[in-house]
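K.L.:
predicted model and sequence below, questions to follow.
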Amino acid sequence: MSAPPRPRPAGFHAAHSPAVAPLGERELDELQSLLDRVPAPLEPLDASMLDGFLCGVLVQPQRVPDSRWLPHVTDADARPLPMGFDATRLHALARRRHAELDDAIARRRWFDPWVFELEPPSLDAVYPWVAGFATALEFFPALMRLDAQALTEPLALLYRHLDPDDLEDADDLLEEIDSLEPPTDMTEAVEGLVRATLLLADVARPIAATPGAKPAPRRQPRRR
């Protein structure tokens, strides 16, 4: 299991005031500590994977009940917890983060992904978050049944951080990934995670246009 997360995620961004109180640094450390205490042979997500997983859950076209996604928090394959293990506090913190992300995604607002810098600094720090997102799509594949063309760009922004050998039978996606300019630093990589999540939400959970409203600006990825 990974070490406790750093106090502040990489690419920290001054965001809007959320409608749901975000987890503070102590609560984030507590969450990672509780995940670390899940007994073997279960394989819990770490905090960064959990964050990506929750975003993958929240961009599904139909809402995923808590009873379906919570078991994956304490074991990637959703194996049951042993008798006597109390996950009440762990589940409460996971639900808090789920609610915070749900609010941001529903309103198409910036959120701070839980991506924690490595020493020495490396863009590989993004991998756990993306792996968590991919885990969600593995167990909740409804998103992938939507318009493949509309999904390609945002999925490429995420899956460019994975090993191409892990993307089987995904020629269009690999072609899109190859067309993207790689992120130059962690801030740009983290921005790509947020942008991809909101684009996927546009596909799966479109918002009815309000007369006279202007869409929130989004940074366009640079292409070769």
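P.N.:
Received, thanks. None of the values given here were measured: they were computed from a predicted structure.
K.L.:
buried residues, the helix or strand bottoming out on mean pLDDT in the chain. List them.
P.N.:
The weakest-scoring helix or strand in the chain, judged by mean pLDDT, DSSP states H and E, is helix 171-179 (a mean of 86). By 16 or more other Cβ atoms under 10 Å, the buried positions in helix 171-179 come out as 173, 176-177. For glycine as for every other residue, the C-beta is placed from the backbone atoms N, C-alpha and C.
K.L.:
can I get those in CSV with distance to residue 185?
P.N.:
Converted to CSV, these look like this (distance: Cβ to Cβ, whole Å):
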residue, distance to residue 185
173, 24
176, 22
177, 19
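K.L.:
I'd guessed residue 140 sits against residue 65; true?
P.N.:
No - the pair residue 140 / residue 65 is not scored as a contact, 10.8 Å apart, by Cβ atoms under 8 Å.
K.L.:
which one's more surrounded, these two?
P.N.:
Taking neighbours as other Cβ atoms under 10 Å, residue 140 and residue 65 compare with residue 140 leading, 20 against 8.
K.L.:
how close does residue 167 get to residue 148?
P.N.:
In this view, residue 167 and residue 148 are 14 Å apart by Cβ to Cβ, to the nearest Å.
K.L.:
tell me which of those two has more neighbours.
P.N.:
residue 167 (17 against 11).
K.L.:
how about the contacts made by that one?
P.N.:
By Cβ atoms under 8 Å, 6 or more residues apart in numbering, the residues touching residue 167 are 159, 173-174.
K.L.:
please repeat the previous calculation with a cut-off of 6 Å.
P.N.:
Neighbouring residues of residue 167 by Cβ atoms under 6 Å, 6 or more residues apart in numbering: residue 174.
K.L.:
count of neighbours near residue 78?
P.N.:
14.
K.L.:
confirm for me that it is in contact with residue 72.
P.N.:
Yes - under the criterion of Cβ atoms under 6 Å, residue 78 makes contact with residue 72 at 4.9 Å.
K.L.:
what sits in contact with each of these two?
P.N.:
Overlap between the contact sets of residue 78 and residue 72, as judged by Cβ under 6 Å, 6+ apart, is nil.
K.L.:
nearest to the spatial middle of the protein, which residue is it?
P.N.:
residue 52 (2.0 Å; Cα atoms, centre = their mean).
K.L.:
spatially nearest residue to that one, not counting backbone neighbours?
P.N.:
residue 132 (3.2 Å; Cβ to Cβ, 6 or more residues apart in numbering).
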